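Participant: Sequence and predicted model, in that order:
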Amino acid sequence: MLMPVSYDGIILGAGHNALVLQAYLARSGLRVLALERAPAAGGGLITEENPRVRGFLHNTHSFFHRAITTAPWYRDLELERHGARYIEPELNVAMILRDGRALEWWTDLDRTAESFAEFSKRDAAALRTWVTEFRPIVDQILTVEAQSPPLPPERRRELLGRSRLGRRLLEVAQLSPVEFVEREFENDAIRAGLLFFNGLREIDLRLPGFGHSIPALLAGQHKAQMCMGGSARLAEALVADIREHGGEIRTGAGIRAILMRGGRAAGVELDTGERIEARAFVVSGLNPQQTLLELLDAEAVPQNVRERAGGFEYNLLAPLFALNVALDEPPRYKAAERRPDLARAFMVILGLERFAQFSEIVGAHERGEIPPPVMWGACPTVFDASQAPPGKHTAFLWEKLPYALNGSAANWDAEKEKHARRMLALWSDFAPNLAEGAVLDWFCRSPLDTERQLPNMRRGDLLVGSFANGQVGYNRPFAGAGEYRAPVGGLYLCGGSTHPGGNITGLCGYNAAGVIAADLGLRQWWPSRPAEKALETIE
Ligand SMILES: Cc1cc2nc3c(=O)[nH]c(=O)nc-3n(C[C@H](O)[C@H](O)[C@H](O)COP(=O)(O)OP(=O)(O)OC[C@H]3O[C@@H](n4cnc5c(N)ncnc54)[C@H](O)[C@@H]3O)c2cc1C
């Protein structure tokens, strides 16, 4: 069949990683097309207007964007020139306890340590010690590694073993995050908060090999940030850069198949039957099952690769249930009467009090049951009035809930409204004005809704794949596909299922762009710091 339109490269899905990749390649002079099934580009960078009460904007997927303004692509792609603007609220996280106390993380370490000291002086000292010790490890090793294609594990270990910082990282990493917290901190609420805020959203906290994740997050110079105007503004800035450099994005374009020619990926077929040719490469921002099992013919993929793709695992603990509210006024937390700063807390955690809740939550997820409630969220309009009509507000709370509720995800459709009402009742215990007429409208999204909207987030896993099962670094998504090259000629991967993983980091797309540019023999126009070189030079 004829392929009338042709591009250098085609990208499947226009999530933020795919957009970052496309922007780099478009600036490299390539003609690249991204195909996206949704009506807008951005994937998890969605900001939706409430259909019932106009003017209220809800960030129904990602909202807390960690350290985005320090990402190399944010700078290289001049996203502020394209309209992106971020803030990093000072009281970055507040875990509000039922007795009115609050454990607070500030952008200022001294203020965070003061808050820790209200719970335990020893833990406040431990916080300072770990931040001091891990800051150079974060700056010189972990950040560099995340912003570079991953090294083979043996080479990485050898390089890290040469330096004092590297050896310390390897030593702490041997622990699981749970072991780290139990060993280094004594206070029950602090232990719970550290585990939850620093870990529960990223990795399985029981896994050895990730003991460094909590000190690394504590030591990171930048905390959670928000995009002014809503998360979608970041996607719009990326799209603007792509268009400025000749890239094309087609939305509403479902993909039926990746086409092969001469043993190489050479184009795609859309649901409409339209075929589009890619002269040099196809890149998938989707998950390994979609890419290698659903979109490619079985004979195009070696059997051992099919098995590995099929065995790619998703996080049990990642799925989120979201309650989004349109408000007449912001939530007024009772705890703020004594601690006025809480009125401007960015991320608020509710229902978390004890370390033991972690195992209760894990157990409930394993059984497919709703765990005792722990919720977190924000009121974006406290910081950005543009996301609601004048004087009004939007807010949301998330809860980690199992995908297969009572054995089946289908149960969510009958259960979700009831569950949202329970969440709202609990929220009102902390912020009574929510039960006194402040709520103008609400809607909720279940883990099943997440998968329906973004099918690459299989089983509602917003991280697009767990870090268990060896799915990390050089072996993410699986051994033999870990450097953004799918084990099929001309086919690359760039979504959250690749290194360094899910969340809004843009680094999967950034790193994949470097690999593709190198494979095509393009001159790399942007500065980069390959991990190997960087690790060779640390003390
Ligand atoms: C409720 C929720 C809250 C979250 N909160 C945060 C947060 O606060 N901070 C954070 O960092 N992360 C958060 N995340 C996670 C974050 O959104 C994801 O990890 C991130 O979006 C993954 O980026 P990606 O580029 O890999 O893919 P995605 O953003 O998932 O994009 C993939 C794209 O591919 C498209 N697609 C899928 N299948 C096809 C197909 N067959 N054909 C064509 N297109 C297809 C999808 O429509 C989508 O646009 C949240 C996620 C959810 C669900």
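Facilitator: Okay, I see it. Residues are numbered from 1 along each chain as shown.
Participant: C-alpha from now on. contacts and neighbour counts both.
Facilitator: Will do.
Participant: which residues are in contact with the longest strand seen in the chain?
Facilitator: For the chain, the longest strand by residue count, based on DSSP state E, is strand 275-284. Identification of contacts with strand 275-284 by C-alpha atoms under 8 Å, 6 or more residues apart in numbering yields 2-13, 18, 265-269, 291, 490-495.
Participant: And it, what's buried?
Facilitator: Arg275, Ile276, Glu277, Ala278, Arg279, Ala280, Phe281, Val282, Val283, Ser284 (16 or more other C-alpha atoms under 10 Å).
Participant: Pick out whichever of those residues sits closest to the ligand.
Facilitator: Closest approach to the ligand among those (C-alpha to the nearest ligand atom): Ser284, at 8.6 Å.
Participant: For the closest one, give me the pLDDT.
Facilitator: With respect to pLDDT, Ser284 scores 98.
Participant: Name the nearest residue to the closest residue to the ligand within the stretch 101-250 of the chain, ignoring sequence neighbours.
Facilitator: Nearest residue of the stretch 101-250 of the chain to the ligand, counting by C-alpha to the nearest ligand atom: Ala224, 8.4 Å away. Spatially, and ignoring its direct neighbours in sequence, Ala224 is nearest to Arg66 (4.4 Å; C-alpha to C-alpha, 6 or more residues apart in numbering).
Participant: Ok, Leu91 next?
Facilitator: Here the residue nearest Leu91, using C-alpha to C-alpha, 6+ apart, is Trp106, at 4.5 Å.
Participant: what's around that neighbour, how many residues?
Facilitator: Trp106 has 21 neighbours, counted by other C-alpha atoms under 10 Å.
Participant: Restricted to helices, list the contacts of strand 275-284.
Facilitator: Residues from these lying in helices, with DSSP state H as the criterion: Ala18.
Participant: Now, of the contacts of strand 275-284, which are buried?
Facilitator: Buried among the contacts of strand 275-284 by 16+ other C-alpha under 10 Å: 6-13, 18, 265-269, 291, 490-495.
Participant: wait, what's in contact with Ser62?
Facilitator: Gly44, Leu45, Ile46, Ser231, Asn503, Ile504.
Participant: Is it possible to get CSV of those that adds secondary structure, pLDDT and distance to Leu342?
Facilitator: Shown next, in CSV, are the contacts of Ser62 (DSSP: H, G, I helix; E, B strand; the rest coil; pLDDT from 0 to 100; distance: C-alpha to C-alpha, whole Å):
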residue, secondary structure, pLDDT, distance to Leu342
Gly44, coil, 98, 28
Leu45, coil, 98, 27
Ile46, coil, 96, 27
Ser231, coil, 98, 23
Asn503, coil, 96, 26
Ile504, coil, 97, 26
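Participant: if we can go back for a sec, now do the residue nearest to Leu91, the pLDDT please.
Facilitator: 96.
Participant: Pick out the residue of the stretch 51-200 of the chain closest to the ligand.
Facilitator: Ser62 (3.2 Å).
Participant: Let's verify that residue: helix, strand, or coil?
Facilitator: coil (DSSP: H, G, I helix; E, B strand; the rest coil).
Participant: Which strands and helices lie in contact with the helix or strand containing Leu217?
Facilitator: Per DSSP states H and E, Leu217 falls inside helix 213-219. Secondary-structure packing of helix 213-219 (3 or more C-alpha pairs under 8 Å, 6 or more residues apart in numbering; DSSP states H and E): helix 121-137, helix 177-184.
Participant: Residues contacting that helix, please?
Facilitator: Contacts for helix 213-219 (C-alpha under 8 Å, 6+ apart): 127, 130-132, 134-135, 137-138, 173, 177, 180, 194-195, 198-199.
Participant: That one near the ligand at all?
Facilitator: No - contact between helix 213-219 and the ligand is absent, the nearest approach being 13.4 Å (criterion: C-alpha under 6 Å from any ligand atom).
Participant: what packs against the helix or strand just after that helix?
Facilitator: Downstream of helix 213-219, the first helix or strand assigned by DSSP H and E is strand 224-227. Identification of packing neighbours for strand 224-227 by 3+ C-alpha pairs under 8 Å, 6+ apart yields strand 65-66, strand 86-87.
Participant: Intersect the contacts of strand 275-284 with the contacts of the ligand.
Facilitator: Checking those against the ligand (C-alpha under 6 Å from any ligand atom), the matches are Leu12, Gly13, Ala18, Gly495.
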